[in-house]
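Enquirer: Next one to model:
(2 chains)
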Amino acid sequence: MGFLPPNVSSFGHHIDSLFWIITIIVGVAFIIAEGIFLYFIIKYRKKDGVKAEYVAGNVWSQTKWVLIPLAIVIALDFFVDIKTHTAWSEIKGGLPQNQDLKIRITGQQFSWAYTLPGADGQLDTDDDIKKTGELHVPADTNIVFDLEAKDVLHSWFVPALRLKQDAVPGRTIRGWFKVTQPGSYEVMCAEICGVGHTIMKSTMIAHSKEEFAQWVANGGSDTAPGAGGADPFADMAKNLFASGAGDAEKGKALVTAKACMACHNLDGSKTVGPTYKGLFGSKRTVTAGGQDKEVVADEAYLLRSIYEPGAEVVKGYPPAMPPQKGLVSEQEAKDIIEYLKTVK
Amino acid sequence: MSTNQTSHHQMTFVQKYIFSTDHKVIGMQYMITGLIMAFLGGFLAYGFRMQLAFPGEAIPLLGKMTAGQYNEFITMHGTIMIFWVAMPVLLAALGNLLIPIMIGADDMAFPTLNMISYWVFFLSTVVLIASFFVPGGAFAGGWTAYPPLSANGYTAHGWSVGLGGNLWIIAVALEFVAFLIGGINFIVTTFNMRAPGLTWFRLPMMVWMMLSAVLIFMFAVGPLIAGAAMLLLDRTVGTGFYNPAAGGDPILFQHMFWFFGHPEVYVILLPTIGVLAEVMTTFARKPIFGYKMIIYATIGAGFLSFVVWAHHQFIAGIDPRMATFFSITTIMISIPFSLIIFASIATLWKSSITLSTPMLFALGFIGEFLIGGVTGIYLGSSAFDIYVHDTYFVIAHFHYALIPTVFFGGLAAIYFWFPKFIGRMYNETLGKVHFWLTTISFNLVFFPLFFSGMAGEHRRIFDYSMWKSLMTPEIMNIRIISTLALIVLFLSQFIFVFNMIKSALSGPKAEKNPWKSNTLEWQADSPPPHGNFAQTPVVHRGPYEYSVPGRSEDYWPQTSAN
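Expert: Down below sits the predicted model:
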């Protein structure tokens, strides 16, 4: 069955085997029922001079043809119930004995924010690693999460884990999972949460245990601190705009098509994200790595805001925007920036 | 029982066809309003399916769609199809047309209340349609209206005033007032106005099912009305019933919604089971298999339907220990409905089948509803539901449950009783073309969606372009096939409209009992006059005495003395 994506969680096999158990049971029942049904329709078509037989179905010798199959249905129902209970108990019924890593997942319009403990292994301390849009986890580790929501209902859904859980404002819902294979997996929001529901995407990156330990030691970065060179977005801006200006008309269409306007606007009012009005060339205070600084909104700044929105977050706004890497091409980004220059 | 045959000659056009108290005219008003709304609901589906199949392209008749409009369209599609199509067509229209005449009464017990019922419903329709045109647009928080999103005054275009959402709640509330008034009428009429000799176990299945459906509706609707009232207060005067910051709880609404919402499925399904019994016995020339057994199963299902609601909330954050209980009750629902379907199939055994259009739609209901039924087992399993909840698997499942019920059941009824209430015959060839086009395209729209759901395609997404795992060629093809088939499905319905209008104007005149059927309505004229019967009929036997041994005719009307 090519349609179920590969399973990478320790409990996903329960879900997949339930799929097969139910498919075999209802598949056989369905084929028998439809088969008899179609056979009767073909066989008992009206023929001249042949009257239907008067069968009212009110004595056991007749009703047994309905009630015996029904008893089989009931028995199979309970078989499915028992298998369901076993799977549910492991996945949602409780937490595993060994809880190796505790994390917090927060749903907000329209992104998933993740808090991981830093080197001290404790949440809510100074060295917590906070990421929007990307969840880094170690493989082969029991991970316990606290799921919260800031504004409306969201639903944390990772198809490859076979796991889904609604996030509810005012509640902390605890759950767990264990990834069995390192890799990169899509995380969705499965509960309608507003106009930007479509773009509420993040990625779960499962590292090997060693790689993850290194990642934590680096303070949540793939490379050691200070290893980076010049600003990559300054280079990107230089290369992109070397060939001339972008197409502002296309950019205007793109900000609508890509649902940017769900959070940003053109009239200067305060909504989820900062307004586009007068954005280009303005001075703004941003929070980067926990510290405030002042920057000018030039092409490099806008490219960074599109591709790594969590790197520099405008003060007074939540780090809510999902990174657009792979969603907005560089040419499209160029056109969007060209358009933003015209929004005065 | 008095009839007012004498007075109807002096009535004006307005009294006769607009503010009429005749149950048949009111039934037709409900039917026509419901069918017009079905076209609106279908058109909305065309809009959002086109966006999914061809993301970002301009849609013929609609232009480019925004994410906000998309949410508006899906929300209103669900709302309209459940509350403004399924309920008025199956419950209100069929109940009004059929209950009095099938029990041998001249009208409903309270004809004026009945008229008020329709006009309150009409008002609710106007309010709902008006909500498309207010600033901010129609309600866009999903037809289930989960708070806090719905409590924040969210509409398609931002967090503005949210008038569309308020109108949505008011429209739904008005509609429930209409159906409550109608429901009281159904119950009082069935209990008090049955013709002499028409005992409970001589009642046609249609009347039993209508009565059960209305009772379930009336028991279930209270919590939803309370829930909606609290939602409206949260939105307008700033109470905090669903606001955690003010001590409220968003999940409370889900319980109130689904405590109504699940029984509602059976409110819609039971009338179709009734249609099935009438149509199948007539065109198979056989008694229904296990009449009493089906009635007891229905009553059992009615009770059971009140303890399954939390299967909509397995992953909503309810106490995980509740899941197994609701999983067991949910899967148990398969018992009464398996019995009903098995009994229907058994009815065909050694029968004499004529595949007329109503019979095709009735049999189509059985064949298709089975798919909706068996896929319910996947979702009833709380553990498997973790994976498929809020995916296209759910969408495919409930459309396989609801489209056979509402459209196959509804169309079987319309074709079957058309000669009675219009007085002319419909065109059988066009009817069959309509059936086959509808059936084939319906399956092409929804069967592929089970597979996209299994692949993890989540619901209510405006554009999947950013989801790599959901943009494979296979899944994209599913979107396109499903959308093109939907266009065929939608256009096929115009064959039906043409057939109905043309036949109503110029079809051959129908006799009293064209199908040689047993129940009382076939003893009245076609179409029946105001007051239905010239004399109150007297009932001598049950409704399904077909092919009784020793009789030359293969039917035996309930009114024949011998």
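
Enquirer: wait, isn't A:Q62 in contact with B:M293?
Expert: No - the pair A:Q62 / B:M293 is not scored as a contact, 10.2 Å apart, by CB atoms under 8 Å. (Each C-beta comes from the backbone N, C-alpha and C, glycine too.)

Enquirer: Looking at those two, which is more packed in?
Expert: B:M293 (21 against 16; other CB atoms under 10 Å in any protein chain shown).

Enquirer: Which pLDDT value goes with the more buried one?
Expert: Looking at B:M293, its pLDDT is 95.

Enquirer: Can you tell me which helices and strands the host helix or strand of it packs against?
Expert: Here B:M293 sits within helix B:291-304, counting by DSSP states H and E. In terms of contacts (3 or more CB pairs under 8 Å, 6 or more residues apart in numbering or on different chains; DSSP states H and E), helix B:291-304 is packed against helix B:205-236, helix B:250-284, helix B:334-347.

Enquirer: Tell me which residue is most central in chain B.
Expert: Chain B has B:A86 as the residue nearest its centroid, 2.5 Å off, counting by CA atoms, centre = their mean.

Enquirer: Pull up the per-residue confidence for that one.
Expert: So, for B:A86, pLDDT stands at 97.

Enquirer: so it, which of the three states?
Expert: Classification of B:A86 using DSSP: H, G, I helix; E, B strand; the rest coil returns helix.

Enquirer: Tell me if I'm right that it and B:I268 touch.
Expert: Yes - checked against CB under 8 Å, the pair B:A86 and B:I268 is within contact range at 4.7 Å.

Enquirer: Now do the shared contacts for those two.
Expert: B:L402, B:T405, B:V406 (CB atoms under 8 Å, 6 or more residues apart in numbering or on different chains).

Enquirer: will you turn those residues into JSON lines that also has neighbour count?
Expert: Converted to JSON lines, those look like this (neighbours: other CB atoms under 10 Å in any protein chain shown):
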{"residue": "B:L402", "neighbour count": "20"}
{"residue": "B:T405", "neighbour count": "25"}
{"residue": "B:V406", "neighbour count": "24"}
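
Enquirer: Closest to chain A out of these?
Expert: B:T405 (17.3 Å; CB to the nearest CB).

Enquirer: what residues are up against the closest one?
Expert: Counted by CB under 8 Å, 6+ apart, B:T405 has contacts B:A86, B:L90, B:I268, B:L269, B:T272, B:F365, B:F369.

Enquirer: Same question for B:S517.
Expert: So, once contact is read as CB under 8 Å, 6+ apart, B:S517 ends up touching B:E278, B:T282, B:Y555, B:P557.

Enquirer: Could you report the neighbour count for residue 188?
Expert: Going with chain A. There are 26 residues near A:M188, going by other CB under 10 Å.

Enquirer: that's the wrong chain, I meant chain B
Expert: B:V188, neighbours per other CB under 10 Å, totals 14.

Enquirer: Spatially, what comes nearest to the residue of the stretch 151-300 of chain B found nearest chain A if we skip its sequence neighbours?
Expert: When scored by CB to the nearest CB, the stretch 151-300 of chain B has B:P244 as its residue closest to chain A, at 2.4 Å. Nearest residue to B:P244 in three dimensions, chain neighbours excluded: A:G170, at 2.4 Å (CB to CB, 6 or more residues apart in numbering or on different chains).

Enquirer: Also B:Y546?
Expert: B:R285 (4.7 Å).

Enquirer: try B:G183
Expert: Nearest to B:G183 is B:V214, by CB to CB, 6+ apart, at 4.2 Å.

Enquirer: got a pLDDT number for that neighbour?
Expert: Value for B:V214, per-residue pLDDT: 96.

Enquirer: any idea how far it lies from B:L94?
Expert: To B:L94, B:V214 is 12 Å away according to CB to CB, to the nearest Å.

Enquirer: next one: B:M332
Expert: 28 Å.

Enquirer: Below-threshold pLDDT in chain B: ranges please.
Expert: For chain B, the stretches flagged by pLDDT under 70 are B:1-10, B:153-161.

Enquirer: the strands in it, which residues?
Expert: Applying DSSP state E to chain B gives no strands.

Enquirer: What of the stretch 151-300 of chain A?
Expert: Taking DSSP state E, counting those that start in this stretch, the strands of the stretch 151-300 of chain A run over residues A:154-158, A:163-167, A:173-177, A:183-189, A:202-207, A:283-288, A:291-296.

Enquirer: name the helices or strands packed onto the fifth one?
Expert: Spelled out, it's strand A:202-207. Counting contacts by 3+ CB pairs under 8 Å, 6+ apart, strand A:202-207 packs against strand A:111-116, strand A:134-138, strand A:183-189.

Enquirer: tilt between it and strand A:183-189?
Expert: 150 degrees (axes from the mean of the first three to the mean of the last three CA atoms, to 10 degrees).

Enquirer: just the third one next, same as before
Expert: Between the axis of strand A:173-177 and that of strand A:183-189 there is an angle of 150 degrees, by the same axes, to 10 degrees.

Enquirer: Please compute how far strand A:173-177 lies from its chain's middle.
Expert: Remark: strand A:173-177 is offset 15 Å from the chain centroid, using CA atoms, centre = their mean, to the nearest Å.

Enquirer: rewinding a little: how about the contacts made by the residue nearest to the centre of chain B?
Expert: Counting by CB under 8 Å, 6+ apart, the residues that B:A86 touches are B:I268, B:L402, B:T405, B:V406.

Enquirer: do you know how far it is from B:L98?
Expert: Distance from B:A86 to B:L98, by CB to CB: 17 Å.

Enquirer: Pull the number of nearby residues for A:V66.
Expert: Quick note: A:V66 (other CB under 10 Å) scores 23 neighbours.

Enquirer: right, and it touches B:I294 too?
Expert: No - applying CB under 8 Å, one finds A:V66 not in contact with B:I294, separated by 9.8 Å.

Enquirer: Find residues that contact each of the two.
Expert: B:L339, B:A343.

Enquirer: List the backbone torsions phi and psi for the residue in the stretch 151-300 of chain A that chain B sits nearest to.
Expert: For the stretch 151-300 of chain A, the residue closest to chain B is A:G170, as judged by CB to the nearest CB, at 2.4 Å. With angles defined as degrees, to the nearest 10, A:G170 sits at phi 90, psi -10.
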